[in-house]
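**Q** build me a model from this:
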Amino acid sequence: NVTKRIEEATKFLNVSFLTSEGVIKQLSGSHPYRLRPIGEVWFKGCSKAMGMFEVYDGDPPEVRRLKDRLLPLLTEGFQLIEKRNFPSALQKFQEALSFFPEDIPLHLLISSLYHILENGEPKTPLALIDFR
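**A** Reported below is the predicted structural model:
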């Protein structure tokens with residue numbers, strides 16, 4: 001079931017390959033894959049949110065270069081979310097979006113942060129993308 005939900009999410013997010021944080025933790029520290037965090041994601045039928053990563057090695061070279069360039073901004077943004085500094089995280093994601101406006105995951109992350117800033121942090125564990 002989870003695998004099917006992750007596959008459906010790849011289509012919705014317009015990315016080639018998603019994998020869970022659990023799989024990433026099993027890779028050696030020197031793996032050759034290009035990975036970028038997508039954040040915590042709620043999937044239908046799951047009792048908790050899952051950390052997700054995009055594997056973007058198969059993207060066209062120009063898209064890979066863009067995602068490589070955005071990676072430090074995403075990493076900083078997610079670190080700020082962990083510290084519950086949502087306004088600064090939003091700034092990082094908006095800066096990343098200015099380089100890659102077609103990036104659907106960034107749009108969803110920004111939308112989720114706006115929602116949190118307007119309505120407060122949700123009662124359930126924080127997940128920035130919700131497919132329930």
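**Q** residue 113 falls within a helix, correct?
**A** Yes. When DSSP: H, G, I helix; E, B strand; the rest coil is applied, residue 113 is found to be in a helix.
**Q** just checking, what packs against the helix or strand of the chain with the lowest mean pLDDT?
**A** Least confident helix or strand of the chain, by mean pLDDT, DSSP states H and E, is strand 129-131 with a mean of 77. On a contact count with 3 or more CB pairs under 8 Å, 6 or more residues apart in numbering; DSSP states H and E, strand 129-131 meets helix 2-13, strand 35-43, helix 104-119. For every residue, glycine as well, the C-beta is placed using N, CA and C.
**Q** looking at these, which is closest to residue 74?
**A** Distance to residue 74, taken as CB to CB, is lowest for strand 35-43 among the helices and strands packed on strand 129-131, at 5.8 Å.
**Q** ok, now which ones touch the residue nearest to the spatial centre of the chain?
**A** Nearest to the geometric centre of the chain sits residue 38, at 1.1 Å (CA atoms, centre = their mean). Residue 38 sits next to 13, 18, 52-54, 105, 129 when contact means CB atoms under 8 Å, 6 or more residues apart in numbering.
**Q** quick one on the thing from earlier: name every strand pairing with the least confident helix or strand of the chain and say which way it goes.
**A** Within its sheet, strand 129-131 is paired with strand 35-43 (parallel), according to DSSP bridges.
**Q** how far off centre is the one helix or strand residue 71 maps to?
**A** For residue 71, the host element (DSSP states H and E) is helix 61-82. In terms of CA atoms, centre = their mean, to the nearest Å, the centre of helix 61-82 is set 10 Å apart from its chain centre.
**Q** then stretch 5-18?
**A** Counting by CA atoms, centre = their mean, stretch 5-18 comes out at 11 Å from the chain centroid.
**Q** mean confidence for that stretch?
**A** The average pLDDT for stretch 5-18 rounds to 92.
**Q** show me what counts as buried in that stretch.
**A** 5-6, 9, 13, 15, 17-18 (16 or more other CB atoms under 10 Å).
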